[in-house]
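1. Requesting a structural model of the entry that follows:
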Amino acid sequence: MREIWLCIPVVLILSSLAFSQKPNIVFILADDVNYDSIGCYGGENVATPHIDRLASQGIQFNQAYSAVAMCAPFRAELYTGLYPVRNGVASNHSSARPGTKSVCHYLGDLGYRVGLTGKKHASPAKTFPFELLSDGAVKSQRLNWKGMERFMGQDGEEPFCLFVCSQNAHAAWTEGDASQFDAEAITLSPTQHDNPKTREVMTRYYAEVAALDAQVGRTLEVLEKSGKADNTLVVFSSEQGWALGFSKWSNWNMGVHTAFVARWPGHVEAGSKTDALIQMADVVPTFIDAAGGEVGGYDLDGKSFLSVLEGRTEGHRKFVYGLHNNIPEGEPYPIRSINDGQFHYLWNLKPEAKYHEKHIMVENSRLVWWVELEKAAQAGDKRAKALAAKYVQRPEEELYRLGIDNYETNNLSDNPEYVSVKQHLRGELLKWMKEQHDRGAALDTEAGRNALMETPFPGN
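-> Numbers count the residues shown, from 1 in each chain. So this is what the prediction gives:
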């Protein structure tokens, strides 16, 4: 009997030691930031020293993607580890299917406190029961710095996972100092029309990117102050691309491609980069894996890329997938896409329709760019006409060579040299849609959207 009692403290000590070694997690999420606005991804218009330093201290993913380039679907994929049709959030401002679980449940089961400060944009509460770090204001989406200090600095053995969700650089760009930018000196992207109003908007956009970078720096300071930085996996993502054309509300590369960097002392090699394909659905499985959980015990679409983080493998996925349903943002315009790391194939399911997005294509739009582009096109500007036509009237199929044409200005779908590439990718895309029970264009209606949200999740 005495030997049994002597063993109990040893077991408890070992259990406590294993528990305390689970990494804390801090995930910093931007809002509507083109990945190439960030310095370490080649951005030249605004300095992002804190994000760049974080990348230099860890690993930079050059091919990280979301399935949907809109706020609610991006976050639902990130938080659930499921693709949009399976989690129910296949269009903006929609809710997860009843019974869907999220990172709150998966890490909660592993002993984590799971919190969020800033912009949540995820519902219902049963699926996303984050500990919300409110700053006291009703429905506030501001970051709560005091709450972050309390959450990270809390004593005890429980590890934490905190999502720090900024509103920068979401329209209407009111934060930061736009006067530090010279509108005429800003380099516009190949898909932007050059005009004074667009340039003025860009000064305000980049002011918010600068403010975002300062928030990243302050978050890292709070973490350092807590004394837990050495045992914390820190991730930064730029979310989907900007609302300034050919990015958000599309499946084009600049919309679904996200900046993604991670630092984890003792696990991730500082200054490393990877071309491994990852998708937002892979984040939850990776966190479960890092926390010592059994990823295979959960019904998830994503796959852990922990081995890539730790430098044990170079590759991860063969394909990443994309989806766009336009309801309720505008007229139905369903799109599906697939990317193998070299080629990006897009299938516009209703090419006979003209693309219309209500946030953009109105005279008083605060986004400005479309109204100015249309004015220039009507005035006879040939380049403006070509850009407007590409945006509104799209072919059934698009194929682009990434790395060479990241802004996707040269559609290769009719080039006979790439017929086999296109056929292969389309076949794999159809296979994914079948696996997901994706009904295609039928989802991009009010009835299809509501039915999806109301149908219980078949797993868990």
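
2. The nearest residue to Asp31 once chain neighbours are set aside: what's it in contact with?
-> Excluding the flanking residues, the one nearest Asp31 by C-beta to C-beta, 6 or more residues apart in numbering is His170, at 4.2 Å. Just so you know, the C-beta spots here come from the backbone N, C-alpha and C atoms, and that holds for glycine as well. His170 sits next to Asp31, Asp32, Cys71, Glu208, Ala243 when contact means C-beta atoms under 8 Å, 6 or more residues apart in numbering.

3. tell me the two of those residues that are most distant?
-> Maximum pairwise distance in the contacts of His170, criterion C-beta to C-beta, is 15.1 Å, between Cys71 and Glu208.

4. hang on, the earlier thing: keep only those of the contacts of His170 that are in strands.
-> Among the contacts of His170, no member falls in strands (criterion: DSSP state E).

5. what's near enough to touch Pro190?
-> Counting by C-beta under 8 Å, 6+ apart, the residues that Pro190 touches are Tyr407, Thr409.

6. and Asp230, how many neighbours?
-> 11 (other C-beta atoms under 10 Å).

7. any idea how far the nearest residue to it once chain neighbours are set aside is from Ile38?
-> In this structure, Asp230 finds its nearest non-sequential neighbour in Pro265, 5.1 Å apart by C-beta to C-beta, 6+ apart. Using C-beta to C-beta, to the nearest Å, we find Pro265 at a distance of 22 Å from Ile38.

8. Neighbour count for the two, which is higher?
-> Neighbour totals were compared for Pro265 and Ile38, and Ile38 leads with 24 against 15 (other C-beta under 10 Å).

9. Point out where this structure drops to low pLDDT.
-> Along the chain, the model assigns pLDDT under 70 to residues 1-20, 135-140, 460.

10. Using PDB, list the CA coordinates for stretch 443-456.
-> Output in PDB follows, covering the C-alpha atoms of stretch 443-456 (Å, rounded to 0.1, in the frame of the first residue of the first chain):
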ATOM      1  CA  LEU A 443     -26.000  27.200 -53.200                       C
ATOM      2  CA  ASP A 444     -25.800  30.800 -54.500                       C
ATOM      3  CA  THR A 445     -29.400  31.700 -53.900                       C
ATOM      4  CA  GLU A 446     -31.300  32.800 -50.700                       C
ATOM      5  CA  ALA A 447     -33.000  29.400 -50.500                       C
ATOM      6  CA  GLY A 448     -29.700  27.500 -51.000                       C
ATOM      7  CA  ARG A 449     -27.900  29.700 -48.400                       C
ATOM      8  CA  ASN A 450     -30.600  29.300 -45.800                       C
ATOM      9  CA  ALA A 451     -31.000  25.500 -46.400                       C
ATOM     10  CA  LEU A 452     -27.200  25.000 -45.900                       C
ATOM     11  CA  MET A 453     -27.200  27.000 -42.600                       C
ATOM     12  CA  GLU A 454     -30.200  25.100 -41.300                       C
ATOM     13  CA  THR A 455     -29.000  21.600 -42.100                       C
ATOM     14  CA  PRO A 456     -27.200  20.000 -39.100                       C
END
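
11. Just give me how far that stretch sits from the chain centre.
-> 23 Å (C-alpha atoms, centre = their mean, to the nearest Å).

12. buried stuff in that stretch?
-> Leu443, Asp444, Gly448, Arg449, Leu452, Met453 (16 or more other C-beta atoms under 10 Å).

13. Which pair of these spans the longest distance?
-> Asp444 and Met453 (13.7 Å).

14. Hmm, Ala210 is touching Pro49, no?
-> No - look at Ala210 against Pro49 with C-beta atoms under 8 Å: they stay out of range, at 9.8 Å.

15. The two: who's more crowded?
-> Ala210 (22 against 14).

16. OK, contacts around that one?
-> Ala210 sits in contact with Val46, Ala47, Thr48, Gly176, Asp177, Gln180, where contact means C-beta under 8 Å, 6+ apart.

17. now Gly245: how far from Asp405?
-> 17 Å.

18. Show me which of these two is the more surrounded one.
-> Between Gly245 and Asp405, Gly245 has the larger neighbour count (other C-beta under 10 Å), namely 24 against 15.

19. tell me the domain boundaries of this structure?
-> 23-318, 322-454 (automatic domain parsing).

20. so of the ones you listed, which one's packed in deepest?
-> domain 23-318 (a mean of 20; mean count of other C-beta atoms under 10 Å).
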